[in-house]
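Enquirer: Sharing a model prediction with you, sequence too.
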Amino acid sequence: MASGLAEQRSHTRLMTTERTDSPSASSESASADPVDPATTQPEPANQTEPDPRGEVITVDHDAADHDAAEPEAVEPEAVEPEAPEPAAEPPAPLLEMLDLETASDEAQPDVHLERDGLVVTGTDAQHVAVDLEALCELCLTVLSAEGADKGRLDLHLVTAEVIADLNVEHLGGDGPTDVLSFPLDADDFDVPSASADLPPMLGDVVLCPAVAIEQAANHAGSDEAELALLVIHGVLHILGHDHAEPEETIVMQNRERAHLEPLGFDHPVSES
């Protein structure tokens, strides 16, 4: 923001000069009557000072003192107001609900995708190289194929430490896990997306790529297949699927196979 003060303008003394060789000056001096020193009053306002060039300089000290005592006011430069910063997008509901500042480096998501009333955002707060946009696209595909016509889902990629804290605090687990799902309902959570103009919140999927890659060889067979399976698994949980009972497990695994097949991946569990 530019700021500063205007330069103060300088002041000049008022000066008048009178040549001593002027004919009128010399005649007036010669014809002047004698002056009684006792009755003569000094003139303090103006004094004459000799000049080397033969001129007498009369200095108006009153004017000079007046200038020195009353300098002109300094006018500040016009200051341009700072432009207001754009309002940041609200943090992902999971981070606000769980007060997990460590789960995201920024309030705004790294990826924001929309398709036919569905919204998926992605936030990457870990250090394993992952194609976050491709995983968000997969979320959209699963939501659409499963019949979700409107809603928002947030995908979070986090470190093993963060997902371990979530696992212990909210699921009573022990240590890090691969994926967690947090279904949300607009009636239970007061967020801007609960308004009529925005899609309702569906929930949050929290994925730990470090854990996924560590178990990939002995599970889905490759890093890409493992990440895809975990994303599909997490989205199905958001939509109400579960595997607490054997019948539920079979249904959920069949839905996972249906979404893995177009990607060219096999399910790690053989179909029964």
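Expert: That came through fine. Residues are numbered from 1 along each chain as shown.
Enquirer: which residues of the stretch 101-250 of the chain fall in strands?
Expert: Along the stretch 101-250 of the chain, the segments classed as strands by DSSP state E, counting those that start in this stretch run 111-115, 118-124, 151-157, 179-183, 201-207.
Enquirer: With mean neighbour count, mean pLDDT and distance to Ala164 added, can I get those in JSON lines?
Expert: For the C-beta atoms, the positions are set from N, CA and C on the backbone; glycine is no exception. What follows is the strands of the stretch 101-250 of the chain, written out as JSON lines (neighbours: other C-beta atoms under 10 Å; pLDDT from 0 to 100; distance: least, C-beta to C-beta, whole Å):
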{"stretch": "strand 111-115", "mean neighbour count": "15", "mean pLDDT": "96", "distance to Ala164": "24"}
{"stretch": "strand 118-124", "mean neighbour count": "23", "mean pLDDT": "96", "distance to Ala164": "18"}
{"stretch": "strand 151-157", "mean neighbour count": "26", "mean pLDDT": "96", "distance to Ala164": "14"}
{"stretch": "strand 179-183", "mean neighbour count": "19", "mean pLDDT": "96", "distance to Ala164": "10"}
{"stretch": "strand 201-207", "mean neighbour count": "26", "mean pLDDT": "95", "distance to Ala164": "11"}
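Enquirer: and Met220, what is it in contact with?
Expert: For the record, residue 220 is Ala, not Met. 226, 228-229, 265-266, 268 (C-beta atoms under 8 Å, 6 or more residues apart in numbering).
Enquirer: now with 7 Å?
Expert: 226, 229, 265, 268 (C-beta atoms under 7 Å, 6 or more residues apart in numbering).
Enquirer: Kindly report the same for Val158.
Expert: 103, 125-126, 206, 208.
Enquirer: which of these count as buried?
Expert: For these, a burial check counting by 16 or more other C-beta atoms under 10 Å picks out 103, 125-126, 206, 208.
Enquirer: Which residues does Ser181 form beta bridges with?
Expert: Val205 (DSSP bridges).
Enquirer: That one against Ile238, yeah?
Expert: Yes - using C-beta atoms under 7 Å, Ser181 makes contact with Ile238 at a distance of 5.4 Å.
Enquirer: shared neighbours of those two, anything?
Expert: Common neighbours of Ser181 and Ile238 (C-beta under 7 Å, 6+ apart) are 203, 205.
Enquirer: rewinding a little: among the contacts of Val158, which one sits closest to Ser144?
Expert: Val206 (21.6 Å; C-beta to C-beta).
Enquirer: Report the residue spans of the chain with pLDDT below the cut-off.
Expert: 1-107, 185-197, 272 (pLDDT under 70).
Enquirer: quick one, helices of it?
Expert: 23-30, 61-69, 93-98, 132-145, 160-171, 209-216, 223-238, 246-260 (DSSP state H).
Enquirer: The last one packs against which elements?
Expert: In this case it means helix 246-260. Secondary-structure packing of helix 246-260 (3 or more C-beta pairs under 7 Å, 6 or more residues apart in numbering; DSSP states H and E): helix 223-238.
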